[in-house]
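Engineer: Provide a 3D model corresponding to the input given below.
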Amino acid sequence: MVVFCFVLVLVYNIFMDEEIKLKGKTEIDQALKEFEERSKAEEIQKAPETSATSELPRMVQLVIKYSGGAIKEQRQAEYVLLGFVVLIIIISLFLVFY
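Structural biologist: Below you'll find the model as predicted:
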């Protein structure tokens with residue numbers, strides 16, 4: 001069923017004429033113009049500024065901070081976090097199955 005719907009949408013998009021003229025539909029034209037104006041106004045608005053203090057994720061910052069100087073780079077901190085996750089999964093599996 002999903003494949004059939006996908007094929008219908010694909011065929012519709014291929015054979016649909018982009019320049020269909022609807023005669024006597026001034027309301028539709030007016031609504032389209034209003035929509036275009038609103039969408040342009042939304043595009044112009046800026047996205048909120050993100051914090052520029054650091055580009056490092058918070059978890060990585062915490063690992064670097066509490067490592068006592070042993071971890072100095074982001075990649076090292078990410079490996080420590082990955083190892084921690086693997087350790088927790090192993091402990092969880094041990095507790096579940098024994």
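
Engineer: quick one: low-confidence ranges for this structure?
Structural biologist: 1-2, 5-24, 43-53 (pLDDT under 70).

Engineer: Longest helix in it, by number of residues?
Structural biologist: Longest among the helix segments of the chain by residue count, using DSSP state H, is helix 74-97.

Engineer: What residues of that helix count as buried?
Structural biologist: 77-78, 80 (16 or more other C-beta atoms under 10 Å). In short, each C-beta sits where N, CA and C put it, glycine included.

Engineer: Now for I64, how many residues are close by?
Structural biologist: I64: 18 surrounding residues under other C-beta atoms under 10 Å.

Engineer: quick one: secondary structure of it?
Structural biologist: helix (DSSP: H, G, I helix; E, B strand; the rest coil).

Engineer: Could you report the separation of it from F94?
Structural biologist: Computed as C-beta to C-beta, to the nearest Å, the I64 to F94 distance reads 29 Å.

Engineer: Likewise for L87?
Structural biologist: Counting by C-beta to C-beta, the gap from L87 to F94 is 11 Å.

Engineer: and if you look at Q74?
Structural biologist: Taking C-beta to C-beta, one finds Q74 at 31 Å from F94.

Engineer: go on, E36?
Structural biologist: With C-beta to C-beta as the criterion, E36 and F94 are 60 Å apart.
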